[in-house]
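**Q** Provided below are the primary sequence and the corresponding predicted coordinates.
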Amino acid sequence: MSTKLQKLQLLHDVHVIWQDTNPTFFDVFHKRSTDNGASFDPVENISSNSRGSEIPQISSSGSNVYIVWTDNTLDPGNTETFFRGSTDRGDTFAPTENLSNNEGQSVKLQIASSGSNVYVVWEDKIPFDPGEVFFRASTDEEANFEATENLSSNPEDVFEPKISVSGNSVYVIWTEIQNIFFRKSMDSGDSFGPVINLSTNSGNSTVPDISNSGMDVYVVWQDTDLGNNEIFFRRSMDNGDNFDATLNISNNIGTSQLPQVAVS
C-alpha cells in the first residue's frame, strides 16, 4: 500500500463551532476541515437570526453533524433549544428546528449521537414550575424527532443534565434535591427505566458528568458529604443495571470541584 493511500485513509473531518457577535447579538458559527485540521472551509453562520443564539453544542457520527444552541429569537424573554443537522459531512444543513417550543427557559442543553441516532437533553424552567430534564430523540438522521419526554417529572428543581450514548443505549444523569439521579434507555430513547439515585447521602451532590463504552457506565460528581468538596465516582459494568459502591476519587482536605470523565 502506497504512502499516499495510507494518508488518505487517515483523513478526518473536524468541525468547530462557537458563538460570536454578529454584529451586536450572538450567532452560532461553524467551520469544517476535511483534512485533519490542516485547512478549513469558509465560516458558516448556523443560527443567522436577529437575536441571541448562545451556548452551542455539537456531536458528529460518520457523515452526520448535529448542532444545538439556546435561542431567544421567538421571544426575547424566552430561550428555546434550537437544532440543525447535516447528513453530508457539513456540506449543507437542514433548516433550523425548535426542539423545546414551550413557554419556559431552555438552558444547559447537551447533545450526543450514535450512527443515525441523535439525542438532546436540556433543563427547562416553565414559569411557576420547577426545572425539569427534557429529552428528544431522532433515529432517522434527524429527519424526524420523537415527542418531548420529561425524564425527571419531580416537584423539586432539576439541574445540569448530561447524556452519554452507545449504539441504542442512552444514559442520562442530572442533579435533583442535592443528589445525582440516573435513567437509562436500551431502545434508542423509546422508553426509559426507573430513576436511580446514585449519590444518596446528606451532602450536596452537584455538577455530575457521565461517560460510557459499551456496557460500562462511569459517573462522577462533586460532593460535600464528608464536610468539604470531594470528587465521587461510581461505575456500572452491566448497562447501568447495577452500580458499584461510591469511591472518593480526590480524597484530600482541599476543595475539589468541576469533575469530568472520559473513557476509551
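**A** Looks like it came in fine. Only a predicted model underlies this, so the values are computations on that prediction, with no experimental measurement involved. Numbering: from 1, shown residues only.
**Q** number of nearby residues for the closest residue to P76 other than its chain neighbours?
**A** If the residues on either side of it in the chain are set aside, P76 comes closest to R51, at 6.6 Å by Cβ to Cβ, 6 or more residues apart in numbering. (Glycine included, C-beta is placed from N, CA and C.) The number of residues packed near R51 is 16, by other Cβ atoms under 10 Å.
**Q** now the helices for the stretch 101-250 of the chain?
**A** In the stretch 101-250 of the chain, no segments count as helices under DSSP state H, counting those that start in this stretch.
**Q** could you measure V261 against V158, distance?
**A** As judged by Cβ to Cβ, to the nearest Å, V261 and V158 stand 21 Å apart.
**Q** So for those two, which residue has more residues nearby?
**A** Neighbours per residue (other Cβ under 10 Å) separate V261 from V158, with V158 holding more: 23 against 19.
**Q** Would you mind confirming that that one is in contact with F134?
**A** No - between V158 and F134 there is no contact, the gap being 9.7 Å when judged by Cβ atoms under 8 Å.
**Q** Please identify every residue contacting each of those two.
**A** Counting by Cβ atoms under 8 Å, 6 or more residues apart in numbering, the shared contacts of V158 and F134 are E123.
**Q** Quick one, grab the pLDDT at the residue nearest to P76.
**A** Looking at R51, its pLDDT stands at 83.
**Q** For it, which residues are in contact?
**A** Shown in contact with R51 (Cβ under 8 Å, 6+ apart): 25, 71-73, 76.
**Q** Run through the strands of the stretch 1-150 of the chain in chain order.
**A** Applying DSSP state E, counting those that start in this stretch to the stretch 1-150 of the chain gives strands spanning 14-21, 26-33, 44-45, 53-61, 64-75, 78-86, 97-98, 105-114, 117-125, 131-138, 149-150.
**Q** Sounds good, over and out.
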